[in-house]
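In: Okay, here's the prediction I keep looking at, along with the sequence it came from:
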Amino acid sequence: WKTLDDVALAGKTVLVRVDINVPMEDGRVTDATRIEKIVPTVEDIIARGGKVVLLAHFDRPKGKVVPEMSLSHVAPALQAALGRKVVFGADSVGEAAAAAIAAAAPGDVVLLENTRFHPGEEKNDPALAQGMAALGDVYVNDAFSAAHRAHASTAAIAGLLPTAAGRLMEAELRALEAALGHPVRPVVAVVGGAKVSTKLDLLGNLVTKVDHLVIGGGMANTFLVAQGVEVGKSLAERDMADTARDILGKARDAGCTIHLPVDVVVAREFKAGAAHETVPVAACPADAMILDAGPATVAALVGVFEASRTLIWNGPLGAFEIKPFDAATNAAAQAAARLTQAGSLVSVAGGGDTVAALNAAGAAGDFTFISTAGGAFLEWMEGKDLPGVAALMG
Ligand code: 3PG
(Lines give C-alpha, C1' and ligand atoms only; values in the text may rest on other atoms or scores of the structure.)
Protein backbone atom coordinates (compact mmCIF):
# COMPACT_ATOMS: atom_id res chain seq x y z
CA TRP A 1 0.00 0.00 0.00
CA LYS A 2 0.95 3.62 -0.58
CA THR A 3 1.41 6.26 2.09
CA LEU A 4 0.99 10.04 1.97
CA ASP A 5 4.63 10.18 0.86
CA ASP A 6 3.76 8.37 -2.37
CA VAL A 7 0.97 10.60 -3.72
CA ALA A 8 0.98 14.16 -5.06
CA LEU A 9 -1.07 16.40 -2.75
CA ALA A 10 -0.24 20.00 -3.71
CA GLY A 11 -3.31 21.79 -4.98
CA LYS A 12 -5.41 18.63 -4.63
CA THR A 13 -8.69 18.07 -2.86
CA VAL A 14 -8.00 15.07 -0.65
CA LEU A 15 -10.89 12.91 0.54
CA VAL A 16 -9.83 11.41 3.87
CA ARG A 17 -11.90 8.57 5.35
CA VAL A 18 -11.56 8.85 9.11
CA ASP A 19 -13.20 7.12 12.07
CA ILE A 20 -14.54 9.77 14.42
CA ASN A 21 -17.21 7.44 15.77
CA VAL A 22 -16.53 8.72 19.29
CA PRO A 23 -18.56 8.15 22.46
CA MET A 24 -20.95 11.04 23.21
CA GLU A 25 -23.17 11.89 26.15
CA ASP A 26 -25.69 14.74 26.11
CA GLY A 27 -24.29 16.01 22.83
CA ARG A 28 -20.70 16.15 24.12
CA VAL A 29 -17.77 13.99 23.12
CA THR A 30 -16.66 12.01 26.20
CA ASP A 31 -13.48 10.52 24.71
CA ALA A 32 -11.79 12.40 21.86
CA THR A 33 -8.98 9.88 21.31
CA ARG A 34 -10.09 8.94 17.81
CA ILE A 35 -10.36 12.61 16.85
CA GLU A 36 -6.90 13.43 18.21
CA LYS A 37 -5.37 10.50 16.35
CA ILE A 38 -6.29 11.86 12.90
CA VAL A 39 -4.58 15.23 13.47
CA PRO A 40 -1.16 14.17 12.04
CA THR A 41 -2.76 13.05 8.77
CA VAL A 42 -4.77 16.25 8.42
CA GLU A 43 -1.75 18.43 9.21
CA ASP A 44 0.49 16.52 6.85
CA ILE A 45 -1.92 16.93 3.94
CA ILE A 46 -2.39 20.64 4.61
CA ALA A 47 1.37 21.15 4.95
CA ARG A 48 1.78 19.67 1.48
CA GLY A 49 -0.78 22.01 0.01
CA GLY A 50 -3.81 19.72 -0.05
CA LYS A 51 -7.37 20.59 0.94
CA VAL A 52 -8.72 18.12 3.47
CA VAL A 53 -12.26 16.78 3.12
CA LEU A 54 -13.24 14.31 5.83
CA LEU A 55 -15.59 11.41 5.12
CA ALA A 56 -16.82 9.53 8.17
CA HIS A 57 -19.66 7.56 9.69
CA PHE A 58 -21.23 8.08 13.07
CA ASP A 59 -23.15 5.40 14.94
CA ARG A 60 -25.54 3.14 13.00
CA PRO A 61 -28.33 5.15 11.32
CA LYS A 62 -28.96 2.24 8.90
CA GLY A 63 -29.24 4.24 5.69
CA LYS A 64 -31.60 6.89 7.06
CA VAL A 65 -31.09 10.51 8.05
CA VAL A 66 -31.14 10.45 11.87
CA PRO A 67 -30.52 14.00 13.17
CA GLU A 68 -29.02 12.82 16.49
CA MET A 69 -26.43 10.93 14.49
CA SER A 70 -25.35 13.96 12.49
CA LEU A 71 -21.61 14.54 12.39
CA SER A 72 -22.35 18.22 12.98
CA HIS A 73 -22.40 17.28 16.69
CA VAL A 74 -18.79 16.14 16.44
CA ALA A 75 -17.60 19.23 14.52
CA PRO A 76 -16.86 21.39 17.63
CA ALA A 77 -14.60 18.71 19.15
CA LEU A 78 -12.89 18.28 15.78
CA GLN A 79 -12.34 22.01 15.46
CA ALA A 80 -10.86 22.09 18.99
CA ALA A 81 -8.50 19.17 18.33
CA LEU A 82 -7.33 20.58 15.01
CA GLY A 83 -7.19 24.23 15.99
CA ARG A 84 -8.60 24.91 12.52
CA LYS A 85 -11.89 26.07 11.14
CA VAL A 86 -14.15 23.14 10.29
CA VAL A 87 -16.60 23.74 7.45
CA PHE A 88 -19.52 21.34 7.70
CA GLY A 89 -21.18 19.93 4.57
CA ALA A 90 -24.76 18.77 5.06
CA ASP A 91 -24.32 15.69 2.83
CA SER A 92 -21.48 13.33 1.93
CA VAL A 93 -22.18 13.59 -1.82
CA GLY A 94 -23.76 16.02 -4.27
CA GLU A 95 -24.27 19.76 -4.21
CA ALA A 96 -24.23 20.35 -0.46
CA ALA A 97 -20.90 18.54 -0.19
CA ALA A 98 -19.42 20.35 -3.21
CA ALA A 99 -20.59 23.72 -1.85
CA ALA A 100 -18.89 23.13 1.51
CA ILE A 101 -15.67 22.16 -0.24
CA ALA A 102 -15.82 25.26 -2.43
CA ALA A 103 -16.48 27.46 0.60
CA ALA A 104 -13.47 26.20 2.56
CA ALA A 105 -10.47 28.55 2.58
CA PRO A 106 -6.90 27.18 2.47
CA GLY A 107 -6.14 25.62 5.85
CA ASP A 108 -9.80 24.98 6.66
CA VAL A 109 -10.97 21.39 7.03
CA VAL A 110 -14.23 20.20 5.49
CA LEU A 111 -16.31 17.66 7.41
CA LEU A 112 -19.04 15.98 5.39
CA GLU A 113 -22.19 14.51 6.88
CA ASN A 114 -22.47 10.91 8.11
CA THR A 115 -21.83 8.59 5.16
CA ARG A 116 -24.25 6.04 6.69
CA PHE A 117 -27.20 8.37 6.06
CA HIS A 118 -27.07 6.84 2.55
CA PRO A 119 -28.28 3.24 2.20
CA GLY A 120 -25.56 2.70 -0.41
CA GLU A 121 -22.77 3.17 2.13
CA GLU A 122 -23.15 -0.18 3.88
CA LYS A 123 -23.94 -1.87 0.55
CA ASN A 124 -20.58 -0.76 -0.82
CA ASP A 125 -22.59 0.78 -3.65
CA PRO A 126 -20.37 1.80 -6.60
CA ALA A 127 -22.70 4.68 -7.52
CA LEU A 128 -22.39 6.23 -4.06
CA ALA A 129 -18.63 5.72 -4.18
CA GLN A 130 -18.58 7.48 -7.58
CA GLY A 131 -20.49 10.39 -6.08
CA MET A 132 -17.96 10.71 -3.27
CA ALA A 133 -14.96 10.28 -5.57
CA ALA A 134 -16.29 13.05 -7.81
CA LEU A 135 -15.70 15.49 -4.94
CA GLY A 136 -11.93 15.10 -4.83
CA ASP A 137 -8.66 14.19 -6.54
CA VAL A 138 -7.05 11.78 -4.05
CA TYR A 139 -8.48 9.25 -1.56
CA VAL A 140 -6.77 8.61 1.75
CA ASN A 141 -8.00 5.98 4.19
CA ASP A 142 -7.07 6.72 7.80
CA ALA A 143 -9.85 4.65 9.36
CA PHE A 144 -8.27 1.34 10.34
CA SER A 145 -10.98 0.92 12.97
CA ALA A 146 -13.65 0.89 10.23
CA ALA A 147 -11.59 -1.26 7.84
CA HIS A 148 -13.53 -4.43 8.70
CA ARG A 149 -16.51 -2.91 6.86
CA ALA A 150 -16.75 -3.19 3.07
CA HIS A 151 -18.54 0.12 2.65
CA ALA A 152 -18.66 2.65 -0.20
CA SER A 153 -16.39 5.09 1.67
CA THR A 154 -13.93 2.42 2.88
CA ALA A 155 -13.81 -0.03 -0.05
CA ALA A 156 -15.48 0.85 -3.38
CA ILE A 157 -14.10 4.40 -3.46
CA ALA A 158 -10.50 3.20 -3.24
CA GLY A 159 -10.49 1.97 -6.82
CA LEU A 160 -11.67 5.29 -8.20
CA LEU A 161 -8.91 7.75 -7.27
CA PRO A 162 -5.18 7.67 -6.48
CA THR A 163 -5.26 6.06 -3.03
CA ALA A 164 -3.03 6.03 0.05
CA ALA A 165 -3.07 5.08 3.71
CA GLY A 166 -3.13 7.96 6.19
CA ARG A 167 -0.64 8.23 9.04
CA LEU A 168 -2.88 6.53 11.60
CA MET A 169 -3.73 3.67 9.24
CA GLU A 170 -0.02 3.33 8.53
CA ALA A 171 0.83 3.20 12.25
CA GLU A 172 -1.92 0.65 12.97
CA LEU A 173 -0.82 -1.62 10.13
CA ARG A 174 2.84 -1.44 11.13
CA ALA A 175 2.02 -2.20 14.78
CA LEU A 176 -0.14 -5.17 13.87
CA GLU A 177 2.52 -6.47 11.52
CA ALA A 178 5.07 -6.25 14.35
CA ALA A 179 2.71 -8.05 16.73
CA LEU A 180 1.43 -10.93 14.64
CA GLY A 181 2.65 -10.64 11.04
CA HIS A 182 6.40 -10.93 11.53
CA PRO A 183 6.86 -10.65 15.29
CA VAL A 184 10.01 -11.08 17.31
CA ARG A 185 9.50 -14.37 19.20
CA PRO A 186 8.48 -15.62 21.65
CA VAL A 187 5.03 -14.06 21.24
CA VAL A 188 2.47 -14.07 24.04
CA ALA A 189 -1.19 -13.25 23.49
CA VAL A 190 -3.52 -12.31 26.32
CA VAL A 191 -7.17 -12.92 25.55
CA GLY A 192 -9.82 -12.17 28.10
CA GLY A 193 -13.46 -11.26 28.22
CA ALA A 194 -16.68 -12.92 29.18
CA LYS A 195 -17.36 -15.48 26.50
CA VAL A 196 -15.52 -18.10 24.51
CA SER A 197 -18.34 -18.13 21.95
CA THR A 198 -17.58 -14.57 20.79
CA LYS A 199 -13.86 -15.23 20.46
CA LEU A 200 -13.72 -18.68 18.88
CA ASP A 201 -12.18 -17.56 15.61
CA LEU A 202 -9.73 -15.45 17.53
CA LEU A 203 -8.56 -18.29 19.77
CA GLY A 204 -8.43 -20.70 16.84
CA ASN A 205 -6.19 -18.36 14.86
CA LEU A 206 -3.97 -17.32 17.75
CA VAL A 207 -3.00 -20.85 18.80
CA THR A 208 -1.43 -21.30 15.35
CA LYS A 209 0.48 -18.00 15.54
CA VAL A 210 1.68 -17.37 19.09
CA ASP A 211 3.96 -19.26 21.47
CA HIS A 212 1.95 -18.54 24.61
CA LEU A 213 -1.76 -17.88 24.95
CA VAL A 214 -3.00 -16.53 28.27
CA ILE A 215 -6.74 -16.98 28.71
CA GLY A 216 -8.44 -14.83 31.31
CA GLY A 217 -11.79 -13.42 32.32
CA GLY A 218 -15.03 -15.39 32.16
CA MET A 219 -13.82 -17.38 29.16
CA ALA A 220 -11.11 -18.98 31.28
CA ASN A 221 -13.89 -20.58 33.35
CA THR A 222 -15.17 -22.39 30.27
CA PHE A 223 -11.70 -23.83 29.72
CA LEU A 224 -11.51 -24.86 33.38
CA VAL A 225 -14.87 -26.64 33.04
CA ALA A 226 -13.50 -28.37 29.93
CA GLN A 227 -10.67 -29.69 32.10
CA GLY A 228 -13.08 -30.98 34.74
CA VAL A 229 -12.51 -28.16 37.24
CA GLU A 230 -15.57 -27.13 39.29
CA VAL A 231 -16.20 -23.40 38.99
CA GLY A 232 -19.24 -23.05 41.27
CA LYS A 233 -21.55 -20.21 40.21
CA SER A 234 -18.98 -18.65 37.88
CA LEU A 235 -19.94 -17.39 34.47
CA ALA A 236 -19.07 -20.26 32.14
CA GLU A 237 -20.42 -21.58 28.84
CA ARG A 238 -20.78 -25.23 29.73
CA ASP A 239 -22.04 -26.09 26.25
CA MET A 240 -18.73 -24.81 24.85
CA ALA A 241 -16.62 -27.30 26.80
CA ASP A 242 -16.05 -29.54 23.75
CA THR A 243 -15.04 -26.51 21.70
CA ALA A 244 -12.65 -25.44 24.43
CA ARG A 245 -11.11 -28.94 24.44
CA ASP A 246 -10.70 -28.69 20.63
CA ILE A 247 -8.83 -25.41 21.05
CA LEU A 248 -6.59 -26.97 23.71
CA GLY A 249 -5.82 -29.85 21.34
CA LYS A 250 -5.14 -27.51 18.44
CA ALA A 251 -2.77 -25.50 20.65
CA ARG A 252 -0.88 -28.65 21.67
CA ASP A 253 -0.47 -29.63 18.02
CA ALA A 254 0.77 -26.16 17.11
CA GLY A 255 3.24 -25.95 20.00
CA CYS A 256 1.36 -23.10 21.67
CA THR A 257 1.31 -23.20 25.48
CA ILE A 258 -2.03 -22.22 26.98
CA HIS A 259 -1.98 -20.54 30.39
CA LEU A 260 -5.08 -20.74 32.58
CA PRO A 261 -5.51 -19.37 36.11
CA VAL A 262 -3.85 -21.36 38.90
CA ASP A 263 -5.51 -19.35 41.65
CA VAL A 264 -8.63 -17.22 41.58
CA VAL A 265 -10.44 -14.50 43.52
CA VAL A 266 -13.95 -15.63 44.38
CA ALA A 267 -16.98 -13.81 45.78
CA ARG A 268 -20.65 -14.55 46.42
CA GLU A 269 -21.89 -11.30 44.90
CA PHE A 270 -21.08 -9.53 41.65
CA LYS A 271 -20.62 -6.05 43.02
CA ALA A 272 -17.89 -3.59 43.86
CA GLY A 273 -16.31 -4.25 47.22
CA ALA A 274 -17.99 -7.66 47.64
CA ALA A 275 -16.41 -9.89 50.31
CA HIS A 276 -13.87 -12.08 48.52
CA GLU A 277 -11.11 -14.60 49.03
CA THR A 278 -8.27 -16.04 46.99
CA VAL A 279 -8.30 -19.82 46.52
CA PRO A 280 -6.46 -22.37 44.39
CA VAL A 281 -8.31 -22.84 41.12
CA ALA A 282 -9.53 -26.30 42.09
CA ALA A 283 -11.09 -24.96 45.29
CA CYS A 284 -13.83 -22.61 44.08
CA PRO A 285 -16.72 -23.02 46.58
CA ALA A 286 -19.96 -24.28 45.03
CA ASP A 287 -21.82 -21.08 46.00
CA ALA A 288 -19.14 -18.64 44.82
CA MET A 289 -18.06 -17.19 41.51
CA ILE A 290 -14.64 -16.47 40.09
CA LEU A 291 -14.25 -12.74 39.49
CA ASP A 292 -10.52 -12.36 38.99
CA ALA A 293 -7.24 -14.22 38.64
CA GLY A 294 -5.17 -14.50 41.81
CA PRO A 295 -1.63 -13.34 42.62
CA ALA A 296 0.04 -16.67 41.79
CA THR A 297 -1.56 -16.53 38.33
CA VAL A 298 -0.33 -12.96 37.88
CA ALA A 299 3.18 -13.94 38.96
CA ALA A 300 3.22 -16.79 36.43
CA LEU A 301 1.93 -14.46 33.77
CA VAL A 302 4.60 -11.87 34.46
CA GLY A 303 7.13 -14.67 34.10
CA VAL A 304 5.73 -15.42 30.64
CA PHE A 305 5.89 -11.71 29.75
CA GLU A 306 9.52 -11.59 30.91
CA ALA A 307 10.39 -14.56 28.71
CA SER A 308 8.58 -13.09 25.69
CA ARG A 309 9.55 -10.38 23.21
CA THR A 310 6.13 -9.54 21.78
CA LEU A 311 2.77 -9.18 23.52
CA ILE A 312 -0.64 -8.81 21.96
CA TRP A 313 -3.54 -8.12 24.32
CA ASN A 314 -7.30 -8.22 23.91
CA GLY A 315 -9.68 -8.45 26.85
CA PRO A 316 -9.41 -8.03 30.62
CA LEU A 317 -8.35 -10.85 32.98
CA GLY A 318 -11.18 -10.35 35.47
CA ALA A 319 -14.29 -8.30 36.19
CA PHE A 320 -12.13 -5.17 35.85
CA GLU A 321 -15.08 -2.78 35.91
CA ILE A 322 -15.75 -3.50 39.62
CA LYS A 323 -13.05 -3.09 42.26
CA PRO A 324 -11.15 -4.97 43.61
CA PHE A 325 -11.63 -7.45 40.75
CA ASP A 326 -9.45 -5.30 38.50
CA ALA A 327 -6.33 -6.30 40.44
CA ALA A 328 -4.99 -9.00 38.10
CA THR A 329 -5.63 -6.93 34.98
CA ASN A 330 -3.93 -3.92 36.58
CA ALA A 331 -0.90 -5.85 37.80
CA ALA A 332 -0.39 -7.65 34.50
CA ALA A 333 -0.86 -4.44 32.50
CA GLN A 334 1.64 -2.60 34.68
CA ALA A 335 4.18 -5.41 34.28
CA ALA A 336 3.74 -5.29 30.49
CA ALA A 337 4.16 -1.51 30.54
CA ARG A 338 7.33 -1.78 32.63
CA LEU A 339 8.87 -4.43 30.35
CA THR A 340 7.96 -2.35 27.30
CA GLN A 341 9.64 0.72 28.77
CA ALA A 342 12.69 -1.41 29.66
CA GLY A 343 12.94 -2.33 25.98
CA SER A 344 12.39 -6.06 26.35
CA LEU A 345 8.81 -6.25 25.04
CA VAL A 346 6.87 -4.92 22.05
CA SER A 347 3.31 -4.55 23.37
CA VAL A 348 0.21 -3.99 21.26
CA ALA A 349 -3.35 -3.85 22.58
CA GLY A 350 -6.76 -3.15 21.13
CA GLY A 351 -10.49 -3.48 21.62
CA GLY A 352 -12.81 -1.11 23.49
CA ASP A 353 -12.81 -2.80 26.92
CA THR A 354 -9.13 -3.55 26.72
CA VAL A 355 -8.12 0.05 26.16
CA ALA A 356 -10.43 1.18 28.99
CA ALA A 357 -8.86 -1.43 31.30
CA LEU A 358 -5.28 -0.49 30.35
CA ASN A 359 -6.09 3.19 30.80
CA ALA A 360 -7.59 2.48 34.23
CA ALA A 361 -4.39 0.62 35.12
CA GLY A 362 -2.38 3.67 34.08
CA ALA A 363 -0.48 1.42 31.69
CA ALA A 364 -1.78 2.29 28.23
CA GLY A 365 0.65 5.18 27.69
CA ASP A 366 3.62 2.86 28.18
CA PHE A 367 2.53 0.23 25.68
CA THR A 368 4.24 0.23 22.28
CA PHE A 369 0.94 0.73 20.50
CA ILE A 370 -2.70 1.01 21.48
CA SER A 371 -5.08 0.47 18.59
CA THR A 372 -8.05 2.79 18.13
CA ALA A 373 -10.00 -0.17 16.78
CA GLY A 374 -12.56 -2.43 18.41
CA GLY A 375 -14.17 -4.81 15.92
CA ALA A 376 -11.48 -4.28 13.27
CA PHE A 377 -8.72 -5.20 15.76
CA LEU A 378 -10.56 -8.41 16.64
CA GLU A 379 -11.17 -9.39 13.03
CA TRP A 380 -7.57 -8.73 12.22
CA MET A 381 -6.48 -10.90 15.19
CA GLU A 382 -8.81 -13.58 13.83
CA GLY A 383 -6.68 -13.61 10.69
CA LYS A 384 -9.42 -12.15 8.49
CA ASP A 385 -8.75 -9.89 5.54
CA LEU A 386 -10.06 -6.41 6.26
CA PRO A 387 -11.84 -4.99 3.18
CA GLY A 388 -10.66 -1.44 3.93
CA VAL A 389 -7.06 -2.61 4.05
CA ALA A 390 -7.42 -4.90 1.03
CA ALA A 391 -8.78 -1.95 -0.95
CA LEU A 392 -5.58 -0.02 -0.21
CA MET A 393 -3.54 -2.76 -1.88
CA GLY A 394 -5.21 -1.76 -5.16
C1 3PG B 1 -16.09 1.20 15.66
O2 3PG B 1 -16.55 2.00 16.50
O3 3PG B 1 -15.59 0.11 15.99
C4 3PG B 1 -16.08 1.61 14.23
O5 3PG B 1 -16.36 2.97 14.12
C6 3PG B 1 -17.00 0.77 13.41
O7 3PG B 1 -18.32 0.96 13.80
P8 3PG B 1 -19.42 -0.13 13.43
O9 3PG B 1 -19.21 -1.29 14.32
O10 3PG B 1 -20.75 0.57 13.64
O11 3PG B 1 -19.22 -0.51 11.97
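Out: Now that the structure is in, tell me what you want to look at. Numbers count the residues shown, from 1 in each chain.
In: Give me every residue in the chain lying close to the ligand.
Out: Proximity of the chain to the ligand (CB under 6 Å from any ligand atom) is limited to residues 19, 21, 60, 145-146, 149, 374-375. C-beta: built from backbone N, CA, C; applies to glycine.
In: which ones are touching the closest residue to residue 373 other than its chain neighbours?
Out: Excluding the flanking residues, the one nearest residue 373 by CB to CB, 6 or more residues apart in numbering is residue 145, at 3.6 Å. Shown in contact with residue 145 (CB atoms under 8 Å, 6 or more residues apart in numbering): 19, 21, 34, 172, 371-377.
In: On the pLDDT front, check residue 145 for me.
Out: On pLDDT, residue 145 comes in at 97.
In: how many other residues sit next to whichever residue of the stretch 201-350 of the chain sits closest to the ligand?
Out: Residue of the stretch 201-350 of the chain nearest the ligand, by CB to the nearest ligand atom: residue 350 (10.3 Å). When neighbours are defined as other CB atoms under 10 Å, residue 350 has 28 of them.
In: And the one 5 residues further on, by the same measure?
Out: Residue 355 has 23 neighbours, counted by other CB under 10 Å.
In: Do you know the pLDDT at the residue in the chain positioned nearest to the ligand?
Out: Per CB to the nearest ligand atom, residue 21 is where the chain lies closest to the ligand, at 3.4 Å. Residue 21 is assigned a predicted lDDT (pLDDT) of 96.
In: Name the nearest residue to it, sequence neighbours excluded.
Out: The shortest distance from residue 21 to any non-neighbouring residue, by CB to CB, 6+ apart, is to residue 58 (5.6 Å).
In: what's the answer for residue 103, then?
Out: Closest to residue 103 by CB to CB, 6+ apart is residue 87, at 5.7 Å.
In: Can you tell me the element the one you found falls in?
Out: Per DSSP states H and E: residue 87 is located in strand 86-89.
In: try residue 220
Out: Residue-wise, residue 220 maps onto helix 218-226 under DSSP H and E.
In: Give me the residues contacting that helix.
Out: Residues from elsewhere that reach helix 218-226 (CB under 8 Å, 6+ apart): 191-196, 199, 215, 231, 234-238, 240-242, 244-245, 247-248, 258, 260-261, 281, 290, 293, 315.
In: Can you say which of the residues you listed are buried?
Out: Buried members of the contacts of helix 218-226, scored by 16 or more other CB atoms under 10 Å, are 191-194, 196, 199, 215, 231, 234-237, 240-241, 244, 247-248, 258, 260-261, 281, 290, 293, 315.
In: picking up where we left off before, sheet partners, orientation included, of the strand holding residue 87?
Out: Taking DSSP bridges as the criterion, strand 86-89 forms sheet pairs with strand 109-112 (parallel).
In: Not counting the partner strand itself, show me its contacts.
Out: Residues beyond strand 109-112 that count as contacts (CB under 8 Å, 6+ apart) turn out to be 42, 46, 51-56, 71, 74-75, 78, 82, 84-89, 91-92, 97, 100-101, 104.
In: rewinding a little: buried sites along whichever helix or strand comes after the strand holding residue 87?
Out: Using DSSP H and E, the helix or strand that follows strand 86-89 in sequence is helix 94-103. Within helix 94-103, the residues that count as buried by 16+ other CB under 10 Å are 97, 100-101.
In: would TSV of these with distance to residue 220 and pLDDT be doable?
Out: Output for the buried residues of helix 94-103, formatted as TSV (distance: CB to CB, whole Å; pLDDT from 0 to 100):
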residue	distance to residue 220	pLDDT
97	49	98
100	51	98
101	52	98
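In: returning to what we had before: what angle separates the very next helix or strand once past the helix holding residue 220 from helix 218-226?
Out: Toward the C-terminus, helix 218-226 is succeeded by helix 241-254 as the next helix or strand (DSSP H and E). Orientation of helix 241-254 against helix 218-226 (axes from the mean of the first three to the mean of the last three CA atoms, to 10 degrees) gives an angle of 90 degrees.
In: thinking again about what came up before, surely the residue of the stretch 201-350 of the chain closest to the ligand touches residue 371?
Out: Yes. When contacts are counted by CB atoms under 8 Å, residue 350 is listed as touching residue 371 (3.2 Å).
In: Buried by neighbour count: which residues of the helix or strand of the chain with the lowest mean pLDDT qualify?
Out: When the helices and strands of the chain are scored by mean pLDDT, DSSP states H and E, helix 352-360 comes last with a mean of 89. Neighbour counts using 16+ other CB under 10 Å place 353-355, 357-358, 360 of helix 352-360 among the buried residues.
In: got it, and stretch 22-37?
Out: In stretch 22-37, counting by 16+ other CB under 10 Å, buried: 22, 24, 29, 32, 34-37.
In: Can you lay out the residues you listed as CSV showing secondary structure?
Out: Output for these, formatted as CSV (DSSP: H, G, I helix; E, B strand; the rest coil):
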residue, secondary structure
22, coil
24, strand
29, strand
32, coil
34, helix
35, helix
36, helix
37, helix
